[in-house]
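> Below are the sequence and a predicted model; questions follow.
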Amino acid sequence: MMIHTCVALRPCRPPLISSSKSTLQRPPNCKFSVRNCIRDPNNSQKLVLEVKEKLEKEHYDLPVGENGRDDEDMILWYLKDRRFSVEEAIAKLTKAIKWRQEFGVADLSEDTVKSIAKTGKAYVHDFLDVNDRPVLIVVASKHLPDVHGPRDNEKLCVFLIEKALSKLPAGQEQILGIVDLRGFGTKNADLSYLTFLFDVFYYYYPKRLGEVLFVEAPFVFQPIWQLTKPLLKSYASMFKLIFFSFKSTFIPQKLYSYYDQKILLHVAYGLANMVGNLAYMALFVLKVKFCSAETVRKEYFTEETLPISFRD
């Protein structure tokens, strides 16, 4: 698998991980050079116009307006996602706009997802977290793939992402995802839906999901997590590094190295070397944390904003 980056790295040893401070240290004699492919931010408006003109000429059939080919805010977001590569931004943006059309994102509403939303399997919290991020909560025990159709689940997912993004305050760009795994069982496992989620957040809402909390993960969740590893390889630029706080009953044994219980670690075996080489670029795209309900209560909300399901 090839990952395009804007940094040309000379061979060096993997990063060192301090067990006492849980931080990455730059190894000695590790040198790297940086090519000037991340453009001057002051030039970003010119790049936006360049993308806009190319889309008009090469993809004139795409819709215009909000979330369309002439939406300058959307264009800028995809330029940032693609490190200001015009061609890469156009390719990903075109794919996203076409998907929005085909999926019918603009037609989603409270009424269209009313039936599946009544299950309570997922919802957008009324309050922001302590970092001023909208919060999307998933109650895994209420996800029943044998009962609810995949299309309904996908529509609810996209509708809630759109709703969460509409609640972004000024200066905030990402949302928090909380997956409540209390009561999770094999009947709730759904790898195909998980694949859909990866697609959605990688291709269509890139870098919008800033952090994911897996709360009180039970032992039965371990095989599901192991099956997720191939997906992590496919979406490597989403998961540069994963940070775990082991305060729950579940510890994914094969994913962490042998340091202490709060560490910065490589994403699975296949990504270890690649992630190590990219670490110094500070491209920590998505933080994933396995934690307890108590952690959610103490670190992410105030007493007034705490979701009802996490109150004592």
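Noted; the coordinates are in hand. Residues are numbered from 1 along each chain as shown.

> Which residue, other than its chain neighbours, is closest to Asp152?
In this structure, Asp152 finds its nearest non-sequential neighbour in Ile116, 4.3 Å apart by C-beta to C-beta, 6 or more residues apart in numbering. The C-beta positions use only the backbone N, C-alpha and C, and glycine is treated the same way.

> so which strand or helix has that neighbour?
Under the criterion of DSSP states H and E, Ile116 resides in helix 114-117.

> Using the record's assignment, carve this structure into domains.
Using automatic domain parsing, the domain ranges for the chain come out as 41-105, 108-310.

> among those domains, which gets the worst mean confidence?
Note on these: domain 108-310 shows the lowest mean pLDDT, a mean of 80.

> can you tell me the distance between the two ends of that domain?
29 Å (C-alpha to C-alpha, to the nearest Å).

> Would you mind confirming that Arg208 makes contact with Gly177?
No. Applying C-beta atoms under 8 Å, one finds Arg208 not in contact with Gly177, separated by 9.9 Å.

> So for the two, which residue has more residues nearby?
Gly177 (24 against 19; other C-beta atoms under 10 Å).

> before we move on, what SS does the closest residue to that one other than its chain neighbours have?
In space, and not counting its chain neighbours, Gly177 is closest to Val212: 4.4 Å by C-beta to C-beta, 6+ apart. Of the three states, Val212 takes strand under DSSP: H, G, I helix; E, B strand; the rest coil.

> Ok, the one 10 residues further on next?
The local conformation at Gln222, judged by three-state DSSP, is helix.

> and the gap between it and Lys207?
Here Gln222 is placed at a distance of 28 Å from Lys207 (C-beta to C-beta, to the nearest Å).

> do Phe221 as well
26 Å.

> Compare those two (neighbour count), which wins?
Set side by side, Phe221 and Lys207 show more neighbours around Phe221, with 24 against 17, by other C-beta under 10 Å.

> if I read this right, the more buried one contacts Phe184, doesn't it?
Yes. In this structure Phe221 lies within contact range of Phe184 using C-beta under 8 Å: 5.8 Å.
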